[in-house]
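Colleague: Generate coordinates for the sequence data below:
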Amino acid sequence: MIAILVLGLLILAHEFGHYIVGKKSGIAVLEFAVGMGPKVVSWQRGETQYSIRLIPLGGFCRFLGEDENNSDPRSLTAAPLGKRFMTIFAGAFFNIILAFLLAFFLMFGLGDNVPTVAGLLPDSNSAAAGIQEGDIVYSIDGHTLLLPGDLNKYVQENQDGTVDVVVLRNGQKVGMEVEPIVQDGVKLIGVQSSYTVHRFGFFESIGRAVAWCWALVVEIFLFFVGLITGRGVAGGVVGPVGTISVIGSVAQVGFRSLVSLVSMLSINLGVVNLLPLPALDGGRLVFVLIEAIRGKPVPPEKEGMVHLIGMAALMVLIVFLTYQDIVGLFTGSLGG
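Modeller: Just a heads-up that it's a prediction; the model follows:
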């Protein structure tokens with residue numbers, strides 16, 4: 001139930017973005033639905049029918065003239081390019097806004113998991129450099145630590161011979177230079193680290209939330225670059241069943257972990273929807289840009305056919321991933 005509510009929230013935020021920007025742009029919204037499947041209750045207000053549907057998973061927003069040639073000045077196809085672009089873009093943008101709000105709530109209200117010095121390695125100069133047990137490792141070589149693995153990542157990338165380390169100690173930032181050591185081929189700054197919960201101030205939480213969202217966008221981009229170039233990516237791709245399994249597992253860990261995951265999923269949904277692929281918002285934006293360059297639109301029936309083919313391919317991919325998820329659940333390789 002938690003997983004369904006989470007996925008429903010993410011999709012609903014996405015569709016509400018389309019809805020509210022479309023409304024404000026003067027585009028007629030024929031229907032805004034909460035949930036999917038058969039209608040449980042519906043009502044009409046002005047030109048828009050609002051409905052609550054049986055399956056509490058997401059929703060949808062249907063515009064006048066969507067994927068058809070409609071001369072009505074309030075149709076989507078007749079709207080000015082700028083308003084059409086913003087209406088399509090708004091779904092992904094609202095997912096990113098939701099991710100930011102959740103990240104801010106996590107860092108300011110609940111506290112974020114941060115790498116903390118649990119001990120000092122005896123063969124290092126970390127103690128001489130000034131690192132103390134209990135210090136929170138804030139940044140490495142100017143890079144703020146935001147994602148799990150950032151500490152190790154930035155230490156390995158260092159090429160200067162000394163690592164600039166900034167720690168938080170009693171609420172104050174303390175900077176120092178540490179000479180790294182190498183153990184088993186891995187470069188270390190001479191500390192044993194663990195994760196503890198730390199709450200940041202209001203304005204710092206805003207900055208960290210923005211940086212955290214941007215770091216996730218970059219990671220998602222690198223993931224797809226790895227897929228395209230064939231260089232390989234860490235982890236795998238899961239479908240709806242796998243996503244529900246992961247959400248359920250994380251929800252059992254605690255509310256803080258669940259908020260963090262929902263923020264990540266919201267960023268992921270927003271970025272993926274902006275990919276220039278048919279049936280996705282990014283694919284529709286491509287046609288808007290083509291129209292801006294050509295000075296005339298692609299015939300709606302041709303664009304609709306492209307999106308239909310893209311939707312069919314997307315459904316095939318979802319079925320394939322769902323099959324993989326189910327096999328993984330039975331074999332124990334998913335959600336472990």
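Colleague: wait, what's in contact with L9?
Modeller: Contacts for L9 (Cβ atoms under 8 Å, 6 or more residues apart in numbering) come out as 98, 262. C-betas here are computed from N, CA, C, even on glycine.
Colleague: measure it to N95 for me?
Modeller: 10 Å (Cβ to Cβ, to the nearest Å).
Colleague: and what of R284?
Modeller: 16 Å.
Colleague: what does V298 give?
Modeller: 27 Å.
Colleague: For those two, indicate the residue with more neighbours.
Modeller: Neighbour count, other Cβ atoms under 10 Å: between V298 and N95, N95 has more, with 25 against 15.
Colleague: So that one: helix, strand or coil?
Modeller: Following DSSP: H, G, I helix; E, B strand; the rest coil, we place N95 in the helix state.
Colleague: Over to Y138?
Modeller: Three-state assignment for Y138 (three-state DSSP): strand.
Colleague: residues in contact with it?
Modeller: Neighbours of Y138 in contact, by Cβ under 8 Å, 6+ apart: 114, 144-145, 166-168, 173.
Colleague: now the strands: where do they sit in the chain?
Modeller: Assigned by DSSP state E, the strands in the chain fall at 29-45, 48-63, 112-120, 136-140, 143-144, 163-169, 172-178, 181-183, 186-188, 191-198.
Colleague: Would you check that L76 makes contact with E66?
Modeller: Yes: assessed by Cβ atoms under 8 Å, L76 is found in contact with E66 at 5.3 Å.
Colleague: Looking at these two, which is more packed in?
Modeller: Between L76 and E66, L76 has the larger neighbour count (other Cβ under 10 Å), namely 25 against 16.
Colleague: With respect to H307, which of the strands of the chain lies nearest?
Modeller: strand 48-63 (13.8 Å; Cβ to Cβ).
Colleague: Please name every helix or strand in contact with the closest one.
Modeller: Under the contact criterion of 3 or more Cβ pairs under 8 Å, 6 or more residues apart in numbering; DSSP states H and E, strand 48-63 touches helix 2-24, strand 29-45.
Colleague: so of these, which one's packed in deepest?
Modeller: For those, the largest average neighbour count (mean count of other Cβ atoms under 10 Å) is found in helix 2-24, namely a mean of 20.
Colleague: Report the angle between it and strand 29-45.
Modeller: Interaxial angle, helix 2-24 versus strand 29-45 (axes from the mean of the first three to the mean of the last three Cα atoms, to 10 degrees): 100 degrees.
Colleague: Return helix 2-24 as PDB; C-alpha atoms alone will do.
Modeller: In PDB, the C-alpha atoms belonging to helix 2-24 read as follows (Å, rounded to 0.1, in the frame of the first residue of the first chain):
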ATOM      1  CA  ILE A   2       2.900   2.400   0.800                       C
ATOM      2  CA  ALA A   3       4.500   1.600  -2.600                       C
ATOM      3  CA  ILE A   4       1.200   2.300  -4.400                       C
ATOM      4  CA  LEU A   5       0.600   5.600  -2.600                       C
ATOM      5  CA  VAL A   6       4.200   6.600  -3.300                       C
ATOM      6  CA  LEU A   7       3.900   5.900  -7.000                       C
ATOM      7  CA  GLY A   8       0.500   7.500  -7.100                       C
ATOM      8  CA  LEU A   9       1.900  10.700  -5.500                       C
ATOM      9  CA  LEU A  10       4.800  10.900  -8.100                       C
ATOM     10  CA  ILE A  11       2.500  10.400 -11.100                       C
ATOM     11  CA  LEU A  12      -0.100  12.700  -9.700                       C
ATOM     12  CA  ALA A  13       2.400  15.500  -9.100                       C
ATOM     13  CA  HIS A  14       3.600  15.000 -12.700                       C
ATOM     14  CA  GLU A  15       0.000  15.300 -14.200                       C
ATOM     15  CA  PHE A  16      -0.900  18.200 -11.900                       C
ATOM     16  CA  GLY A  17       2.100  20.100 -13.400                       C
ATOM     17  CA  HIS A  18       0.600  19.600 -16.900                       C
ATOM     18  CA  TYR A  19      -2.900  20.500 -15.600                       C
ATOM     19  CA  ILE A  20      -2.100  23.700 -13.700                       C
ATOM     20  CA  VAL A  21       0.300  25.200 -16.300                       C
ATOM     21  CA  GLY A  22      -2.100  24.300 -19.100                       C
ATOM     22  CA  LYS A  23      -5.000  25.900 -17.300                       C
ATOM     23  CA  LYS A  24      -3.000  29.100 -16.700                       C
END
